[in-house]
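Student: quick one, what's the 3D model for this:
(chains A and B)
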Amino acid sequence: MKFLIYFVFLTVVCGLSVGLAPVLRVGGQSPNLLFLLSVLWAQHKESKDFWFFALFGGLAMDFFSGSVPGSFSIPLLLVCLAVHLLAKRTLVLESNWKYLILVLLPVQAFWFFGFLLISWFYFRIGATSYWPGLMGNLSGFGILAAYHLLFLLPMAAFTRMVRSLLDRYILLESRSL
Amino acid sequence: MRFIYTRTFAVVFASLVVVCIFAIMHIKGWLDPVRRFFLYAPRPVAFVARGVAMPVKDFFSSAYRLRDIVRENGELRGQVSALQGELASLQQEKRENEALRKELGFASQSPYRLVACAVLSKNAFGLTDALILDCGQDKGVVLGQAVLSQGFLVGKVAHAGKNNSTVLLAVSSRFSADAELSKTGADGIVSGSYGAGLIFDRLSQNEEVQPGWYAVTAGINQQIPKGLLIGQVGDLVSSGNELFKRTTLLSPVDFNKLDFVFVVAP
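Tutor: Below you'll find the model as predicted:
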């Protein structure tokens, strides 16, 4: 049941991201809400379910952007694992906005260059007919970062709301048992 | 406990294996049902989100561009009256043409087959400059075919699945197609300009080129037929010292608002 709720939540965020992309596009970039969702879920110490968002969110990005599976999802999985381990193993008492901003930019850079590297690999082995290219996308990196910073806190609030709803549901379920 | 023996590592590793299996399935062409499910599941939410956000954006962008719109309106009125005159003479020529065709027994058919496709995703996550279409090999779409909207070239097929396909947009920096000026036949290459527009490059310095002339496909690539409209010549962006002339191309198509397109099957 928990994963069904995750799936519905992921579908809604994916739909929002895809639907709002043409409206919010600046310099060829639009906010990637699936990336934000996965990273925000990964930085919760207690939850180990970040893999679900990273895997299916990443695959959705692959399919919606016409890339070979793995182009977005492999870097996203690795980045989310790193974020989760960082949150678990370092002394982060609370994930406030300063911590989130500090984490977001390097994480986006790793994910972004991971995507370009894996896409290049797929291009080299002939799995895709074109490579998205470095120069064109480098110019978009700053816009993407600005967008992610802008959407970080609303997305964090949204994620927190879903988590608290989910906790309440699990509590009710355990009581009924 | 070592990290590789933890549940977290096991789950992430299993996820990576799943992705690798999906990648192999994609290369083999077996992934279409899964891809289709992923593409269709969030569509209702995407449709509602876009339906709500687009009028808001249009309102603010219209308010911002009000002065430009008034000026543009004046220019368009001028163009309309000029075109009305042209239309009258063309209608007369069409009648003559039809009469001649009847006499000669020609069938007035389009030289190529157009496959109508709905756009499932419009470069949703940036970075790839790609469209996802709801038609694939089942409707005769193959790799490299031209894609049109409003009669203008908007891209070419970069991947053709069984029932969906990926189109590389013409405004992508990775796009290129052979082209020529419809007026003089001078040939060159059209490419995208990092999502911002189109560039007509590799035109000989000896060739004359003027703003407003039309660029069409040259037909060197067998998958893209000759004579498809690409755009109107805009400003010259190269200097006289350079080896080739380079101009901007203006396409009337809004690449952010593509809902239906046609794939050209020669």
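Student: assign A:Ser139 to helix, strand or coil.
Tutor: Per DSSP: H, G, I helix; E, B strand; the rest coil, the local secondary structure of A:Ser139 is helix.
Student: packing partners for the lowest-mean-pLDDT helix or strand in chain A?
Tutor: Ranking every helix and strand in chain A by mean pLDDT, DSSP states H and E puts helix A:135-176 at the bottom, with a mean of 84. Other helices and strands packing on helix A:135-176, by 3 or more C-beta pairs under 8 Å, 6 or more residues apart in numbering or on different chains; DSSP states H and E, are helix A:2-24, helix A:33-42, helix A:97-124. Glycine gets a C-beta too; all of them are placed from N, C-alpha and C.
Student: which of the helices or strands spans the closest residue to B:Gly234 other than its chain neighbours?
Tutor: What sits nearest to B:Gly234 in space, not counting adjacent residues and going by C-beta to C-beta, 6 or more residues apart in numbering or on different chains, is B:Thr248, at 3.7 Å. Under DSSP states H and E, the secondary-structure element containing B:Thr248 is strand B:244-250.
Student: close to chain A: what parts of the stretch 51-200 of chain B are there?
Tutor: For the stretch 51-200 of chain B, the contact set with chain A under C-beta under 8 Å from any C-beta of the partner chain comprises B:53-54, B:56-57, B:120-132, B:143, B:158-159, B:166-168, B:172-174, B:194-196.
Student: can you flag which of those residues belong to helices?
Tutor: With helices identified by DSSP state H, the entries of these that belong to them are B:53-54, B:56-57.
Student: select only the buried ones of those in ChimeraX?
Tutor: The ChimeraX selection below is limited to those of these classed as buried (16 or more other C-beta atoms under 10 Å in any protein chain shown):
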select /B:53,54
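Student: A strand includes A:Ser67, no?
Tutor: No: with three-state DSSP as the criterion, A:Ser67 is assigned coil and is not in a strand.
Student: contact partners for A:Leu77?
Tutor: With C-beta atoms under 8 Å, 6 or more residues apart in numbering or on different chains as the criterion, the residues that contact A:Leu77 are A:51, A:54-55, A:58, B:12, B:15-16, B:19.
Student: so what's the gap between the least confident helix or strand of chain A and the chain middle?
Tutor: When distances are taken as C-alpha atoms, centre = their mean, to the nearest Å, helix A:135-176 is centred 8 Å away from the chain's centroid.
Student: for stretch B:162-180, same thing?
Tutor: Averaging C-alpha positions (C-alpha atoms, centre = their mean) puts stretch B:162-180 7 Å from its chain's average.
Student: using CSV, write down the CA coordinates of the strand holding B:Thr248.
Tutor: Taking Å, rounded to 0.1, in the frame of the first residue of the first chain, the C-alpha atoms of strand B:244-250 are listed here in CSV:
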residue,chain,number,x,y,z
PHE,B,244,30.8,31.0,-45.6
LYS,B,245,27.7,33.1,-45.1
ARG,B,246,25.5,32.4,-42.1
THR,B,247,22.0,33.7,-41.5
THR,B,248,19.3,33.2,-38.9
LEU,B,249,16.2,31.4,-40.0
LEU,B,250,12.8,32.4,-38.7
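Student: after it, which helix or strand is next?
Tutor: Taking DSSP H and E, what comes next after strand B:244-250 is strand B:260-265.
Student: which parts of the strand holding B:Thr248 are buried?
Tutor: By neighbour count, and taking 16+ other C-beta under 10 Å as the criterion, the buried residues in strand B:244-250 are B:245-250.
Student: hmm, back to that, of all the helices and strands packed on helix A:135-176, which lies closest to B:Val233?
Tutor: Between B:Val233 and the helices and strands packed on helix A:135-176, the shortest gap by C-beta to C-beta is with helix A:2-24, which sits at 27.2 Å.
Student: for the closest one, which positions count as buried?
Tutor: For helix A:2-24, the neighbour count (16+ other C-beta under 10 Å) marks A:6, A:9-24 as buried.
Student: pull up the pairing partners for the strand holding B:Thr248, direction included.
Tutor: Using DSSP bridges, the strands paired with strand B:244-250 in its sheet are strand B:198-204 (antiparallel), strand B:229-236 (antiparallel).
Student: need the contact list for residue 162.
Tutor: Answering for chain A, as no chain was given. The neighbourhood of A:Val162, defined by C-beta under 8 Å, 6+ apart, consists of A:5, A:9.
Student: hmm, no, I was thinking of chain B.
Tutor: For B:Lys162, the residues meeting the contact criterion (C-beta under 8 Å, 6+ apart) are B:29, B:32, B:136-138.
Student: go again with 10 Å.
Tutor: Applying C-beta atoms under 10 Å, 6 or more residues apart in numbering or on different chains, one finds that B:Lys162 lies in contact with B:29-33, B:35-36, B:136-138.
Student: what helix or strand is it located in?
Tutor: B:Lys162 belongs to no helix or strand when elements are defined using DSSP H and E.
Student: how near is it to chain A?
Tutor: For B:Lys162, the distance to chain A equals 14 Å [C-beta to the nearest C-beta, to the nearest Å].
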